[in-house]
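[1] Provided below for reference: sequence and predicted model.
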Amino acid sequence: MRDTQSPHDHKTTRKCDDPSCKGQLYDTIINFGDRLSERELNEGYANSRMADVCLTMGSSLRVYPAAYMPRETAKNGGKLFIVNL
């Protein structure tokens with residue numbers, strides 16, 4: 001469950017369980033309106049082109065430009081599996 005202050009604030013209300021740490025925990029999801037860095041996008045596309053299989057789970061594939069990545073796998077001969085309701 002996500003328990004942050006706003007959709008773009010990735011800080012949660014939870015703390016690290018390690019007694020020597022107790023640092024703030026952050027979620028690692030990308031929300032609508034969040035931007036991926038150019039480096040992350042380029043690495044994602046490069047990995048998609050090299051992949052033998054792309055497994056997409058629980059996505060509408062409507063958030064671009066990342067939604068194009070499974071197509072890159074398929075265009076280069078990889079298998080594409082989409083699991084969604």
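    Yep, that arrived.

[2] residues touching Gly78, list them.
    Contacts for Gly78 were tallied using CB atoms under 8 Å, 6 or more residues apart in numbering; they are Ala51, Asp52, Val53, Cys54. From N, CA and C alone the C-beta is placed, and that goes for glycine too.

[3] what about the second one, neighbour count?
    For Asp52, the count of nearby residues is 9 (other CB atoms under 10 Å).

[4] before we move on, back to that, can you turn the buried part of the contacts of Gly78 into a PyMOL selection?
    Per 16 or more other CB atoms under 10 Å, the buried members of those correspond to this PyMOL selection:
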select buried, resi 51+54
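
[5] Kindly present the contacts of Gly78 as a markdown table, with separate columns for pLDDT.
    Converted to a markdown table, the contacts of Gly78 look like this (pLDDT from 0 to 100):
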| residue | pLDDT |
| --- | --- |
| Ala51 | 97 |
| Asp52 | 97 |
| Val53 | 97 |
| Cys54 | 96 |
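
[6] so of the contacts of Gly78, which ones are in strands?
    The strands, defined by DSSP state E, take in Val53, Cys54 from the contacts of Gly78.

[7] List of residues touching the top helix by length along the chain?
    Secondary structure assigned by DSSP state H gives helix 38-50 as the longest helix of the chain. Defining contact as CB under 8 Å, 6+ apart, one finds that helix 38-50 is touched by Leu36, Cys54, Pro65, Ala66, Tyr68, Met69, Pro70, Glu72, Thr73, Lys75, Asn76.
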